[in-house]
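**Student:** Sharing a model prediction with you, sequence too.
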Amino acid sequence: MSASAQAAKPPSRAVLTHGRAIWLMVAVTLMWATAGVITRHLEQARSFEITFWRSFFTLAALVVILPAWQGRAVFAKIRTGGRALWISGVCWCVMFTAFMVALTLTSVANVLVTMALGPLLTALAARLFIGHRLPPRTWFAIVVAGIGIGWMYGTQLGDGLLAGTLVALCVPLAGACNWTVVQHAHAKGHDVDLVPSVLVGAALSSLLTLPLAWPFQANVRDLGLLAFLGLFQLAIPCVLSVLCARVLKAPEVALLALLEIIFGITLAWLGAGEAPTSTVVVGGALVIGALVFNEWFGLRGRRAAALPARGTH
């Protein structure tokens, strides 16, 4: 680790208190939530071109932000990160690409509710591939959330929105794969730094979608909006979320991340006139309710288990 990285790390822990981390995470979810409404105001850019420009501007931003934050060592981590880091980068690439393509195929609400399956799919992947035991509450949450998504999918078979929702499903699946790979590597003594893997993901997404985006049709206004997405909707909040994750517990992050769904649907409704359908409201309520139930009781259980341990000291 470089001297600059060592110097940058302790202050972030000292300055970022638990309360500040919560409010910062709320700001992060608000920044994430702008993708849908901004996309609806693009004039000429379409489909893969939208994906390319957002990934390209994210890559450009991270090339500047990450060395300033972690020093030049961040590029060395990419070269020496090994297979796990590159698999993680591919997962980020899938998430970046599928998210934006899904937004061009279906409603913002459909995409965000489908993405909310991430924590439950991650828990299921950990059970299948790593052997983590799942408490009964998590199995219950998986079933309820599955019913909610099944309700959404079943009612979309004839309205042309199913393709976009299926593409959106690639985001939580890739996220679950990403977490499983990182945890497996950690169990074997190889830590994977997710920060450079995000940079790899943005680069791969740019390269993958470039030929599909040609010929470019975006005007200057579109490029300005897409640059906003690359910098303020993805690059900056990704870095800030890493800082928050150092202070907040995983259930706290998962609960706060649900705000992206509420913020995103509200912004698309108010800013682009895209009101959620009753089907999405019902299905989304089941998914979000299951997530809140699982993460909230998980957090309470950890706090209760920590109290006797503190009393013994």
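**Tutor:** Arrived safely, thanks for sending.

**Student:** Show the pLDDT at the closest residue to Leu259 other than its chain neighbours.
**Tutor:** The shortest distance from Leu259 to any residue other than its chain neighbours is 4.1 Å, reached at Thr29 (C-beta to C-beta, 6 or more residues apart in numbering). Bear in mind the C-beta positions are built from the backbone N, C-alpha and C, glycine included. With respect to pLDDT, Thr29 scores 91.

**Student:** for Thr29, what are its contacts?
**Tutor:** The contact partners of Thr29, by C-beta atoms under 8 Å, 6 or more residues apart in numbering, come to 256-257, 259-260, 263.

**Student:** what kind of secondary structure is the nearest residue to Phe129 once chain neighbours are set aside in?
**Tutor:** Beyond its immediate neighbours in the sequence, the residue positioned closest to Phe129 (C-beta to C-beta, 6+ apart) is Thr180, lying 5.3 Å away. The three-state assignment at Thr180 reads helix, by DSSP: H, G, I helix; E, B strand; the rest coil.

**Student:** distance of Thr180 from Ile87?
**Tutor:** Counting by C-beta to C-beta, to the nearest Å, the separation of Thr180 from Ile87 is 10 Å.

**Student:** quick one, what contacts the residue nearest to Phe129?
**Tutor:** Under the criterion of C-beta under 8 Å, 6+ apart, the contact partners of Thr180 comprise 122, 125-126, 129-130.

**Student:** switch to 7 Å and redo it
**Tutor:** If you count contacts by C-beta atoms under 7 Å, 6 or more residues apart in numbering, Thr180 has them with 125-126, 129-130.

**Student:** That one and Leu267, how far apart?
**Tutor:** As defined by C-beta to C-beta, Thr180 lies at a distance of 32 Å from Leu267.

**Student:** what's the host helix or strand of Lys77 packed up against?
**Tutor:** Element membership of Lys77, judged by DSSP states H and E, is helix 73-80. Applying 3 or more C-beta pairs under 7 Å, 6 or more residues apart in numbering; DSSP states H and E, we find helix 73-80 packed against helix 194-213.

**Student:** got the contact list for the helix it packs on?
**Tutor:** The set of residues that contact helix 194-213 without belonging to it, under C-beta under 7 Å, 6+ apart, is 48-49, 51-52, 55-56, 58-59, 62, 66, 70, 74, 77-78, 81, 85-86, 88-90, 92-93, 96-97, 182, 238, 242.

**Student:** Then stretch 78-89?
**Tutor:** Stretch 78-89 has contacts (C-beta under 7 Å, 6+ apart) with 178, 181-182, 185, 190, 192, 194, 196-197, 199-201, 204.

**Student:** try 6 Å
**Tutor:** Contacting residues not belonging to stretch 78-89 are listed as 178, 181, 185, 192, 196-197, 200-201 [C-beta atoms under 6 Å, 6 or more residues apart in numbering].

**Student:** Minimum pLDDT in the residues you listed, which residue is that?
**Tutor:** Least confident of these in the model: Val192, at 69.

**Student:** Which members of the contacts of Thr29 are positioned in helices?
**Tutor:** Under the assignment DSSP state H, those contribute 256-257, 259-260, 263 to helices.
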